[in-house]
Structures are given as C-alpha cells and as structure tokens.
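[1] I need the structure of the sequence given here:
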Amino acid sequence: MIEPFYDWKDYQLIDSGLGEKLERFGSIVLIRPEPQALWPKQLSESDWLKQAHAKFVRDNSKKSHRDSHNEQGGWTFFKKLPNSWTIQYQPLGLVLKVSCTSFGHTGVFVEQISNWHFIDEQVKRLGPNPKVLNLFAYTGAASIVAAHAGADTTHLDAVRNVVSWANENKQLSGVKDIRWLVEDAFKFVKRQANKGQLYQGIIIDPPAYGRGPSGEKWILEEQINELIAMCAQITDPKHCFVLLNLYSMGLDGLVGNNLLKAHYGVDAQWGQSVVPSSTGFHLPLCTWVRLSK
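    Next up, the predicted model:
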C-alpha cells in the first residue's frame, strides 16, 4: 500500500536523482543526499544550484554503514541563511523549527505526514485523554500531533538537545504539556512493563543504530523483537494503536507486520509513504506498519 502525500504549502520536493534531493522548506531550498534516488535528475545541475540556498556534502570516508540517514559531512552555503526558521502544517496545528544540522537533517521528516494523520485519527478515536508513548521521538512532531488531538503524551529520546528542540516545537505549536524524557527506550519500556503501566498508543520510530544517554547500545536487528515484546506488555489489550517505522533499515513492511502479529496477535496494515516531486518522480522514504484495536 502506497500512502498518498498530503498537500503541504510549506514543503515541496522539487526534484530528485543521482543520490540527491532538491527540496523547499518554507522559502528556503536545500540540496541533501538521498540514497534511494538512483534515477537521473530531471532538472539541470545549473537549475538545482540556481535555486538552492545550501547543499549538504557527504564525507563518504566517515559515513556510517549502519544508517544511511545519519550522514557525516558538512554544508556548503550559497546564500545567507538564518540559524533556524519555521514551517507550518496547518491541518494538524504543527509549527516546526527547521535547521541545517551537522548530520544533514533539518529536524523535519516530511514522509511522516501520513503517520501524523493516522495518530490524530487514532487519538480522537480512543479519547478522552488516551496515554500515548512516543519512543525514539526526535524533534517531536508526532508527540505534538498526539497531544494536540487530546492525548496524555510521553515523549522519549536519548539525546537531550533534540528533546529541547521538540519542546521548542511544542511551544511554537501551542499545545498542552508533554512529558519529556531523556532516556534509553529499551530500559524505559522494560521498567514500565515491570510496573504494569498501560498505554493506549505506542509510536516506535527506531534508528538502525544508536546510543542511549549513558552509552547504552541500540542495534535494531538485534533488539527490535524484544522491544516490541515489551511494548505489547504495556499496551492496552482492548483499545489501542501501534505505529512502527522501519525506514532506517529499509526493511519490508511484512517484517514489521510479522513482529507486531507475533506479539499482538493480529495482522497489521503496512505500506510506504512516498513524496512526489514537482518533476513527476515519487521518492519512497518510509516503510510504516500500523495496528489498531
């Protein structure tokens, strides 16, 4: 199943190809690496450079083999840029800070837009005040959507500065309080399972490889099965939703479905989120798996 991309005035994928993408965040245009864009560019190189404010240049000698989304390199700036700026997604009340990070990220993962709508729908279906846990939550768009829809939301990430970024996004978006945790996801879920805590929503967006705040090692293919088993223990068995993203590893959705089915006892839906370019090519960026009861 391929999820359609929603109309978003503040974002545009202009073109993609030859391992790169040309995209607009608000009024600012960036060139960034994109490993899946194996086809030719539709616009000329001069057209790309004419439009771009900055380009992230990858250092292949330092690139992690474990996670193609975690680049090493640096930015080349063609025009003067602010340290950060904001974009909006009005249908869900999101206002998000954008910045050119040292890893090539912008802090906004646009392919998640269909997942944001899924979260919004599920929270409203489960209300009032369902408890939602967002693991590996990064800069917090999903947490903000859940809170805006009425969830009692817990946002967890192992990196303190991205949790601070998420808090900025929360304030910009004007939503109610969110519980912020700088914590190792694996340890936290295990502790919650031991305490018998239950959540009505679980969002799992794991990297292929990472470190917890105390140096804890996370390797997706070695730990995802046990993590989901523990998540099943803290999920309300009667009324719930679970969202799993696997874009970091490029794993097939059937793998995610089998993981959820093994621990939740029911089949899930799975598919891809793709971002269409203005030049007519669709860029696949996210494999998602969704379960609801």
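[2] make it CA atoms for all contacts and neighbour counts henceforth
    Will do.
[3] show me where pLDDT drops low in the stretch 101-250 of the chain?
    248-250 (pLDDT under 70).
[4] Residues touching the one helix or strand residue 255 maps to, excluding its own?
    If you go by DSSP states H and E, residue 255 is part of helix 253-264. Contacting residues not belonging to helix 253-264 are listed as 225, 228-229, 232, 244, 246, 266-271, 287-289, 291 [C-alpha atoms under 8 Å, 6 or more residues apart in numbering].
[5] The same query, at a cut-off of 7 Å, please.
    Residues from elsewhere that reach helix 253-264 (C-alpha atoms under 7 Å, 6 or more residues apart in numbering): 225, 229, 232, 267-268, 270-271, 287-289.
[6] which one of these sits closest to residue 2?
    residue 271 (5.6 Å; C-alpha to C-alpha).
[7] Which stretches in the stretch 1-150 of the chain count as strands?
    Applying DSSP state E, counting those that start in this stretch to the stretch 1-150 of the chain gives strands spanning 2-3, 11-17, 20-25, 28-33, 54-58, 73-77, 85-89, 94-98, 131-135.
[8] Need the per-residue pLDDT for the residue of the chain most remote from its centre.
    Most distant from the centre of the chain: residue 46, at 31.2 Å, with distances by C-alpha atoms, centre = their mean. Residue 46 is assigned a predicted lDDT (pLDDT) of 98.
[9] who's in contact with it?
    With C-alpha under 7 Å, 6+ apart as the criterion, no residue contacts residue 46.
[10] Please report how far it lies from residue 74.
    To residue 74, residue 46 is 21 Å away according to C-alpha to C-alpha, to the nearest Å.
[11] swap in residue 42?
    25 Å.
[12] now, among the contacts of helix 253-264, which is nearest to residue 23?
    Using C-alpha to C-alpha, the contacts of helix 253-264 come closest to residue 23 at residue 287, 20.6 Å.
[13] Am I right that the closest one sits in a strand?
    Yes: applying DSSP: H, G, I helix; E, B strand; the rest coil, one finds residue 287 inside a strand.
[14] ok, it - how many residues close by?
    Neighbours of residue 287 under the rule other C-alpha atoms under 10 Å: 27.
[15] Can you check the pLDDT for it?
    pLDDT at residue 287 comes out at 92.
[16] Which residue ranges make up the domains of the chain?
    Per the record, the chain has its domains at 2-89, 111-292, by automatic domain parsing.
[17] So which of the ones you listed is the most surrounded?
    domain 111-292 (a mean of 20; mean count of other C-alpha atoms under 10 Å).
[18] contacting residues for residue 279?
    Contacts of residue 279 (C-alpha under 7 Å, 6+ apart): 14-15, 42.
[19] So it: helix, strand or coil?
    coil.
[20] Out of the contacts of residue 279, which comes closest to residue 120?
    For the contacts of residue 279, the nearest to residue 120 is residue 14 (27.7 Å; C-alpha to C-alpha).
[21] Thank you kindly, that will do.
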